[in-house]
Structure formats: structure tokens, C-alpha cells
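A.B. asks: How does the following fold in three dimensions:
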Amino acid sequence: MSYMVINVTTLEATMVLTVADSVRAALWGRIYKAKGSDVIGPPLEGRGFSKLTLEQLQYLYWNLTQQPPSGEFAELVQKLVEVVKTIKEDDTPIATLEAEVKQLYPDDSLTPAAPKAEKKVREPRVPGEAPERPKATSTTGLVWELADQQFGILHPSGDASTADWKFIRAGVMDACETEGINSATAATQYSKWKAAKLAVKGS
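C.D. replies: As a prediction, this is how the structure comes out:
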């Protein structure tokens with residue numbers, strides 16, 4: 001699925017900055033935010049525009065096409081989907097984006113790399129030990145999937161004991177925002193995922 005990185009810093013500046021896959025969109029989101037822009041990263045489909053008001057949609061349509069926008073929400077969304085789908089999807093190498101993120105967030109890139117790979121172990125749920133992973137088809141399960149994805153991107157060594165968890169959390173929360181997941185749900189499930197990650201590493 002493709003995602004949009006939309007500038008919502010001001011009403012007049014509402015604009016699609018990038019169209020990309022989920023990984024690149026999350027990285028671009030961090031880059032734009034570090035440079036002072038307020039951005040969102042919804043999927044490139046009708047529901048993705050539901051985060052915007054009618055007025056924002058109108059400015060977005062004007063900024064993209066230089067044509068007068070419709071005053072009807074559903075019609076405007078349909079037209080915007082068609083327009084945005086003509087934008088070439090970003091294919092910047094992920095390594096290049098990761099390097100820029102590390103430069104923009106220097107305090108998050110000081111963790112030393114370790115060659116040892118993560119060993120994944122599934123254990124039964126025991127009170128006081130690692131939380132059980134939720135079903136992948138659920139919203140909570142998606143948070144865990146996104147957390148695994150961001151962990152692999154932002155901490156390639158895979159060693160949970162040397163991870164910069166502040167940096168990892170920021171990436172996971174950005175990815176969850178891109179998927180439209182409630183921030184409270186994302187934060188709660190991130191905490192459980194992290195506990196499970198550390199428990200597995202220490203087992």
C-alpha cells in the first residue's frame with residue numbers, strides 16, 4: 001500500500017510532500033518533522049483524507065492542481081485520490097533516508113552496534129513475564145508488527161540490550177500514526193512489545 005506524507009503545518013501550506021511505501025513514508029515523516037513541518041502520513045485511499053477538514057482538502061486540491069476545488073467533501077476526496085495517484089512513488093534508498101534521520105536525530109544514534117542477531121522465542125504467558133503477542137489481524141497486533149518493522153529499520157543489529165528505546169519508540173509511534181492507530185493504543189502496545197522484546201532477549 002502507498003502512503004502520503006501531507007504537510008499540515010498551516011492551512012495554506014497543505015500539500016502532499018511525498019508518496020511512498022510505509023517504511024519510506026515513516027522515515028520521510030521523521031525528516032520533515034525534524035525540519036519543522038507538521039505532517040501526517042495516511043494511506044493513499046479515500047479514508048486517508050478523512051484526517052483533513054474540508055478547508056484543508058480544498059487548499060490541498062488547489063496546491064496540487066491550481067484548479068478551483070469542489071465544496072463537496074466526498075467529491076473532493078474522489079478527485080484528490082485520482083490526482084495523488086498520478087504522483088510518482090518515492091524510491092529513495094531506505095539506507096539514504098535512514099542516514100538522514102540519524103543526522104537529524106544525533107542524540108538517538110549514539111547506541112553502539114552489536115553483531116549478535118535477535119533470537120526469537122515464543123513462551124507461554126506467565127504472570128510477571130513477557131506479555132503474549134496479540135493476533136496479527138487485530139489493531140493491537142498491527143502495533144506489534146509495526147514495532148518489529150521499525151526495530152529492524154532503526155536498530156539493524158537486532159540486539160535489544162543495546163537499543164536506544166527512545167529512538168525506537170519515536171519510530172513506532174510515527175508508523176502507528178501513519179496507519180491511523182489511536183496514540184493511546186499505540187503507546188500501550190509498544191510498552192508490552194518492548195517488555196516482550198527484552199524478556200525474549202534475556203531468556
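
A.B. asks: What is the neighbour count of the residue nearest to residue 87 when sequence neighbours are not counted?
C.D. replies: Distances taken as C-beta to C-beta, 6 or more residues apart in numbering place residue 19 nearest to residue 87, at 4.7 Å, with adjacent residues excluded. Every residue, glycine included, has its C-beta placed from N, CA and C. Using other C-beta atoms under 10 Å, residue 19 has 21 other residues around it.

A.B. asks: to the chain's geometric centre, what's the distance from the longest helix along the chain?
C.D. replies: Longest helix in the chain by number of residues (criterion: DSSP state H): helix 183-202. Centre-to-centre, helix 183-202 and its host chain are 17 Å apart (C-alpha atoms, centre = their mean, to the nearest Å).

A.B. asks: quick check: mean pLDDT across it?
C.D. replies: If you average the pLDDT over helix 183-202, you get 85.

A.B. asks: ok, and for it, which residues are buried?
C.D. replies: Residues 186, 189, 190, 192, 193, 194, 196, 197, 199, 200, 201 are the ones in helix 183-202 that count as buried (16 or more other C-beta atoms under 10 Å).

A.B. asks: so where do the helices sit in the chain?
C.D. replies: With helices called from DSSP H, the chain shows them at 22-34, 54-65, 73-84, 94-104, 139-154, 165-178, 183-202.

A.B. asks: re earlier: please produce TSV containing the buried residues of helix 183-202, extended by distance to residue 163.
C.D. replies: Putting the buried residues of helix 183-202 into TSV (distance: C-beta to C-beta, whole Å) gives the following:
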residue	distance to residue 163
186	18
189	17
190	13
192	16
193	12
194	9
196	13
197	8
199	14
200	13
201	9
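
A.B. asks: Outline the domain layout of the chain.
C.D. replies: 3-84, 109-202 (automatic domain parsing).

A.B. asks: These: which one's closest to residue 91?
C.D. replies: domain 3-84 (8.1 Å; C-beta to C-beta).

A.B. asks: hmm, back to that, what's the longest helix of the chain packed up against?
C.D. replies: Helix 183-202 makes packing contacts with helix 139-154, helix 165-178 when contacts are defined by 3 or more C-beta pairs under 8 Å, 6 or more residues apart in numbering; DSSP states H and E.

A.B. asks: Could you tell me the angle between that helix and helix 139-154?
C.D. replies: Helix 183-202 and helix 139-154 meet at an angle of 60 degrees, taking axes from the mean of the first three to the mean of the last three C-alpha atoms, to 10 degrees as the criterion.

A.B. asks: Cool, thanks, signing off.
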